[in-house]
Each structure stands twice: as C-alpha cells, then as structure tokens.
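Peer 1: pasted the sequence and its predicted model underneath.
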Amino acid sequence: MASYNIKFPLEDDVNTNRYFLMNSVTKEAYTSDLLLLLLTSKGERYYEPDYGTNLIKFIFEPKDNITIGDIEREIKETVKNYIPSLTIDNIEFNQTGLDSEGFPIGENQVNVKINFTFEEDAFSQSGELELNF
Amino acid sequence: MAVNNPVSYGNRTFTQIRADLISLIRQYYPEVLSDFTDSSVGSMMIDLNAGVGNNLSINTDRAFQETQLEYAQQRASILNIAKNLGFNIPNLRPSVTVIDFTVTVPVNGDNPDSSYYPVLSAGAQVTGGGKVFETQDVIDWRSPISNLGDPNRAIIPNLDSNGVIQSYNVTKREVVINGSTNIFKKIITVGDVTPFLEITLPDINVIEIEDVILLEGVNYSTNPSVYAFANAPLKYYEVDYLAQQKVFLENNSSSLNTATSTSEGLKAGRWFDVTRKFLKEFDTNGFCVLTFGGGNPDQDAFKNGFIKEGVSNQQFLMNYLTNTSLGEMLKRDHTLFIRYRVGGGSSSNLGTNVLTAMGNFQMTVQGSLQNVNNLVKRSLTVANPIPAVGGNDGLSTEQIRFLIKYNFSSQGRDVTLTDYLTQVYKMPGKFGSPFRANAMKENNKVVISILGINSDGSLSNTSTTLLKENIAEYLLGYRMINDYVEIRDGEIYDLAFDIDLYVENGTDSQIASNVITLVRDYFNINNYQMNEDVFLGDLQREILLANGVINIISITVYNKVGGQYSMNVIPQEFANTTTGQIKIINNTIYSTEDSMFEIKYPEKDIKVYLRKKVDLTS
C-alpha cells in the first residue's frame, strides 16, 4: 500500500519488517508532521534554523493566561509558516481534570488539544492532536 | 532506453543535493514517500543527508583552497607553500641605526696619535631603552672607512682656554643592529645521527644564525669564544635549500687581500663548495628550526667494509656511501654549538640618542703607554644620532603571499638586468658594496657599472680590483650560463653652474648663499641614481621659491674635466668647448647608462650673480 510519510514518533514496522512505520492515511500523516513541527526547537533542524517552535521556553513561565496566549500564538504562527495546508481551528488548554488517556493533569502541567482541518481532494477533513506541557 | 538520472554528481550545495535526493525518491520510491514538506520526518532525513554532503563539499573545497597560494587563508598553509617553493620566511626583523663611537686620543704633533687608535671587536653591545644593539664587524679607528665602504671617521680637536689642542675626539660612525647573541648547546648522541635532523631553538625571537659548529667530545663546561666559532674545523653553513652546493665566503688565500683592502674593511670573497650545511626555517609558532643534512660523511663503512671485500673503486662507491649533496648528518659524541641572535620586532625601534651606554665589548689599544691605552678605552662614549628604525614583527600572511610569488618568479637567478642590479646590492657588506651601480647590455654582454664614494663624500670611479672581482665572483652563482658579465667603473660628470638672478635686493648675500645651498642640495648625490637625467625646470622652480628671488635671468652649466675633477667628458654637445659650457637641450642635461652627475666642489662650482631692477628712465 502506498504511504505518505514516516510516522512520528518513529516506530518499527513489525508487519513488513521495515525500519520505519509509515503513514498511509492523510490525517495520520498530518498529525505526524504537526507533532514533529511542534516538538522541534528552533535551531535544532540541520540547515533550517527557523524550523520548529520555541515552546520549550514556556516551561519556566508562569501558568497564567498570558503564557497560554503566547503558546497559542506560537503554535498558530509556526503551523501557518511550515504546514500552510493545515488550518488550526481551535486550541484548548486544560489545567485540571484528566487528559485523553485518563491521567490527571498535574499542578505544573498544561494539557493542549489542537483541532485542525485540511483539504483532501474535494473533502475537508479534521483531526486532533493532544500535547502535555 | 536511456535512464534519466535524477542525481547530478557535480552538485555540491545543500539546496542542490536536497533537490537531487527528492528527485531520486520521487523517481524510484514514489510509493514509499510522497510528503516532502519541511515538517515530514522524511524531509528531515533528506536535509540531514544534504547537509552532510554540503559540509563535505565545503571541506574538500577548503582543503584544496589551502593548497593554492592565491586562496590559502591559514598561515600554516601559506608557510607550507613557501617551504615547497623554497622561500625561506624571515622572522622578526631587527631595527638598525648608526652609533657614534667616540674616543679621546692624545696629540702627536698636529694630528691625533694614531698609535692609540683603538680596535673594537665585532659583537660589541650598545644599550639603551631596555634594548641591546650589536656591531657586526670590527671597528678600527685607524680606517677612515666604514665596513660598508662609507667614509665614517670624524676628528675634532679639544682645545684648552689658550686655544692649544689637548687631545682629539675621534668618532667612528658605524651601523649597529638590534639583538643580542645567545648560544645553544646540544650533545649529539647516537639517536641524533639521523638524516635531516631538526633542532628547534628555545627562543621565539631568533633574528639570525651566526655560527654553527660541531666540536669533538661532550664535556664542554663553557661556551666557545668568538674566535673558536670562526675557526672551528667542523663548521656548518646556512643555505637557502639543502641541495645548494656553494656558499659565498671569505677567501683568505686570495692575493687580492692586500693591506689596503683589509684596512678599508674589504675582504675577498669566493663561492665555496660545502657539504656541512643547514636550513633555517620558522615554524608556525615562530620558533626557529634548523634542519641538517642527510648524507653520511663517515668513510669507515667504505674502508672497513668494501675495501676488505675487494671492492676498491672508491669514486664509484662514494656516490652511494658518502653522498653528501644534501648535506651531512651530525656526528655522534660531538657537541653542537649554535650561536644566534635574538631580538628584533617593532619594539626595537628607538628614538635619537637613546643608545648611550656600552654593554659587553672588547676593545684593544696598542699604544706604547699602558696608562694612556686605558684612558683611551675609558673615554669611549656612544650615542645614536638617528632613530633606530626598521624593526618589525615579521611578515604578515599577505606579505608572505606576495613575496612567495616574487621569489618563485625569480628563482634565485639573474635573468633581467634588474635581477643583476638587485643581486649586486645583496652581496654581503664585508665583500664591498658600490655606492651606485647600473646594469646594461652592451655587445651581447651584461655590463655592471659601479661608482664608489671618497672619504670626503664625493663620487669615485676608481674602485678596487678586489671589489670588482668580488662582484664578478658573487654574480657567478646567479648568472645565466650564457651571460658574460663585465664589471667596470662608471663615469662621473662634474658640473659647475653660473646662475644669474633678478632679485629684490642685489646686494643681499644671504639670497646668494641660500641659492648656492639649494643647488648643492638639489645635486646631492644621495638623491640620484646612475643614468638619471637632470631636468633644469625642476631646479629653476626651486630657485624661484627661494626668498628674495624674483626671476631667473639665465642658468649656464659647465662640464668640469681634468685636474681635481673627473676625466670623463659629458657626451652632450658643448656650447663653448673652451669653457666646457654645455649646450642645454630641452632644458635637460642628459645622462648615460653608466654615469652620474656631481657638483664636486659646490663652494666654487656654484656661482650666483644677483641683479636688481634697472631704472630704464634714467
């Protein structure tokens, strides 16, 4: 089956005995791209120093609405530059309660849910990515 | 069917290689990877590969660039290129100045008592401003000439209150060079008897190597004397490259070494074959490295081995057993002494009259009275009348780059006339140096025309045979094999001037005096080279700038010949053959290739006539 790109985080493809598990579904391909983009720090990418985000710098910032606003702006700007075919619809910040896997969100944690849409042929598809800071 | 290759192997940059890799994947693996946006993991890996390829290309380019003289950036690369092309890079340069060495000697009749004239040994130290300067040669007060061939002795009487001469201050003006002498000692063991042994001197500011000798034995508690250095049987000579077979040295056996020439500081020189030689280089950290030869001068192997076995063709075997064309290795159980000078750098440049004290020196006075000898020695005073200049901190990378080019193009040979001329001036001073020289081609031979200088500072064209022989011998090492070189005395054209001026005040002798001084300075021989024409327009312009001069009525130029003057007659046509008045053409006095102009006696050969305004109405 044709694949789009390599799944991120990297995994062995135990079924085909290939080195990398590949994404064959567009939404998964976009999710991998988005995850790689958001988890790459600026300057980390060889020969593309502007690629990535500065999300890591927010680790020691106060857990308030100002920081949350900055994170949201950072994600939207970066995605707009590097995955222009993806539209960020909503970014949800949860500071209490449980994450999608049922673990409680810690006192020093922020749970971020990113809802995105993209065009595939004539259809508009949507997806979601969840990150814990 | 021809396959369209998506990869161009000539591509070297990140962008090109990345595009190649994407093109390759699109052509051969379209089913595996089709997402080439920056955010895909595949793109990240392609970037990684393209980046590594780009870096390799840059490093390959850079490595190649560092082998090219024009583009090399690192000093170490430039030094390596210089080494490959046989250019020996000089290190720090010492400053140079002149010192007035003054002693007081007793009176003998109307003159100084020359029996009390001292002799100062070479290497005498003059100090001041925290720096040490040394003389290069013996300074002998008996000689009126310096070691470089210039008149340099001044005698000034010391008068008492009654005007009676009590003594004379006799001053010798000699060149001194910044730096002090150190001696490096190394015992040569079995491990040191190796081809092309390199010895690094411990000082970083080495200016030059003076002597390298090898003495038998290893138990030396003191350093050899200067005499021992000069006369050691195993002496090593500095060469530009180890394959150099000859060096220009003093020829003590020459019949040209007369008492006169020796008193003038001139020594006969000759090219000698040498096998004990070394190369002097500076490493990238500035340390001086001496590289000795690779041949084995020891014939024991020949005597004990081959002869015993019945092989007796010594000449044939020596080519293999004792081939010292690249120099000799050092000998075991000997002690190597290297005498070298350290100092130099821009900090060695000093102001006037800073060098006023003596350091270590040896002076001998051989008068009949010992107490007077001691008085003469104690009377020695020194001062530098001009600043010490010329010291610098070595060549910059760019300077080395350009010098390598010049050095490589000339390759130590005299090809053009300029090469010959340059080489004449490069001859070591102790073998003599002409005041002016010019090289010309005449009947298919190279003629070097030289002029000297008299003790009164005027030009001389009666150079010694020794100087001419030395120049001819020295050029032998550089001239082309089919060039015939002749050294001959140049011609001196003595000039006299009658200058008629219209001035503000016709009786003002100061104006005349100023103009005479101006013309004398204009014709200062130090400002002229051989084959340099005199443009009277320049002289007229300068005279017109003199205070009180309103106009030049006429300038008449004469050629003085015979008697006290030179016997040479200017080739330019005469306006009056009786007076020697030169017919001025194009307001110029033309020189010839082997001649130079001079006003020998300015005080009588420059006549200035002053005229004031004529009242036409009266």
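Peer 2: That came through, no problem. What you see is a predicted model, and the numbers here were worked out from it, not measured in a lab.
Peer 1: could you use CA atoms for every contact and neighbour count after this?
Peer 2: Noted.
Peer 1: residue nearest the centroid of chain A?
Peer 2: In chain A, the C-alpha nearest the mean C-alpha coordinate belongs to residue A:35, at 3.2 Å (Cα atoms, centre = their mean).
Peer 1: just the residues contacting the host helix or strand of residue B:517, thanks.
Peer 2: Element membership for residue B:517, per DSSP states H and E: helix B:509-522. Here helix B:509-522 makes contact (Cα atoms under 8 Å, 6 or more residues apart in numbering or on different chains) with B:539, B:542-543, B:546-549, B:599, B:602-603, B:606-610.
Peer 1: ok, 7 Å please
Peer 2: B:543, B:546-548, B:602, B:606, B:608 (Cα atoms under 7 Å, 6 or more residues apart in numbering or on different chains).
Peer 1: and what of stretch B:450-457?
Peer 2: For stretch B:450-457, using Cα under 7 Å, 6+ apart, the contacting residues are B:144-145, B:150-151, B:434-438, B:459-461, B:463, B:488-490.
Peer 1: recalculate using a threshold of 10 Å.
Peer 2: B:144-146, B:149-153, B:424, B:432-439, B:458-464, B:467-468, B:487-492, B:525-526, B:530, B:594-596, B:600 (Cα atoms under 10 Å, 6 or more residues apart in numbering or on different chains).
Peer 1: taking those, please make a PyMOL selection of just the buried ones.
Peer 2: In PyMOL, a selection of the buried entries from those looks like this (16 or more other Cα atoms under 10 Å in any protein chain shown):
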select buried, chain B and resi 144+145+146+149+150+151+152+153+424+432+433+434+435+436+437+438+439+459+460+461+463+464+467+468+487+488+489+490+491+492+525+530+594+595+596+600
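Peer 1: looking at the contacts of stretch B:450-457, which are in strands?
Peer 2: Counting by DSSP state E, the contacts of stretch B:450-457 place B:153, B:436-439, B:459-460, B:487-489, B:491-492, B:595-596 in strands.
Peer 1: looking at the stretch 401-550 of chain B, what residue ends up closest to chain A?
Peer 2: Ranked by Cα to the nearest Cα, the top residue of the stretch 401-550 of chain B for proximity to chain A is residue B:401, at 34.6 Å.
Peer 1: so which helix or strand takes in that residue?
Peer 2: Assigned by DSSP H and E, residue B:401 falls in helix B:397-410.
Peer 1: contact residues of chain A facing chain B?
Peer 2: A:1-10, A:22-24, A:26, A:29-38, A:40, A:45-48, A:51-52, A:79, A:82-84 (Cα under 10 Å from any Cα of the partner chain).
Peer 1: let's have the contacts of helix B:509-522 in TSV, adding neighbour count.
Peer 2: Output for those, formatted as TSV (neighbours: other Cα atoms under 10 Å in any protein chain shown):
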residue	neighbour count
B:543	22
B:546	14
B:547	13
B:548	19
B:602	18
B:606	20
B:608	19
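Peer 1: now for those residues, which pair is the farthest apart?
Peer 2: The largest separation in the contacts of helix B:509-522, counting by Cα to Cα, is between B:548 and B:602 at 21.2 Å.
Peer 1: what's stretch A:19-27 in contact with?
Peer 2: A:1-15, A:28-33, A:116-120, A:125-128, B:32-33, B:35.
Peer 1: that older thread, ok, the residue nearest to the centre of chain A - contacts?
Peer 2: Counting by Cα under 10 Å, 6+ apart, residue A:35 touches A:8-9, A:29, A:129-131, B:39-40.
Peer 1: go on, residue A:28?
Peer 2: Taking Cα under 10 Å, 6+ apart, we find residue A:28 in contact with A:4-8, A:22, A:34, A:127-128.
Peer 1: how about a cut-off of 6 Å?
Peer 2: By Cα atoms under 6 Å, 6 or more residues apart in numbering or on different chains, no residues touch residue A:28.
Peer 1: what of the one 5 residues further on?
Peer 2: The contact partners of residue A:33, by Cα under 6 Å, 6+ apart, come to B:39-40.
Peer 1: mind pulling up the pLDDT for it?
Peer 2: If you check residue A:33, the pLDDT there is 94.
Peer 1: and residue B:7, by the same measure?
Peer 2: For residue B:7, the predicted pLDDT is 80.
Peer 1: that one contacts residue B:22, doesn't it?
Peer 2: No - at 9.5 Å, residue B:7 does not count as touching residue B:22 under the criterion of Cα atoms under 6 Å.
Peer 1: now residue B:375. Its backbone dihedrals?
Peer 2: Per-residue torsions, residue B:375: phi -60, psi -40 (degrees, to the nearest 10).
Peer 1: tell me the secondary structure at residue B:281.
Peer 2: strand (DSSP: H, G, I helix; E, B strand; the rest coil).
Peer 1: contacting residues for it?
Peer 2: B:288-289.
Peer 1: the longest helix anywhere in chain A: which residues count as buried?
Peer 2: Scanning chain A for the helix with the most residues, using DSSP state H, yields helix A:65-82. By neighbour count with 16+ other Cα under 10 Å, helix A:65-82 contains the buried residues A:68, A:71-72, A:74-76, A:78-79, A:82.
Peer 1: from the middle of its chain, how far away would that helix be?
Peer 2: Computed by Cα atoms, centre = their mean, to the nearest Å, the chain-centroid distance of helix A:65-82 equals 12 Å.
Peer 1: how about the strands in chain A?
Peer 2: A:5-6, A:22-23, A:86-94, A:111-120, A:123-132.
Peer 1: given the first one, what are its sheet partners and their directions?
Peer 2: In the sheet, strand A:5-6 lines up against strand A:22-23 (antiparallel) (DSSP bridges).
Peer 1: tell me the mean pLDDT over the strand it pairs with?
Peer 2: Strand A:22-23 comes out at a mean pLDDT of 92.
Peer 1: perfect, I'm done here.
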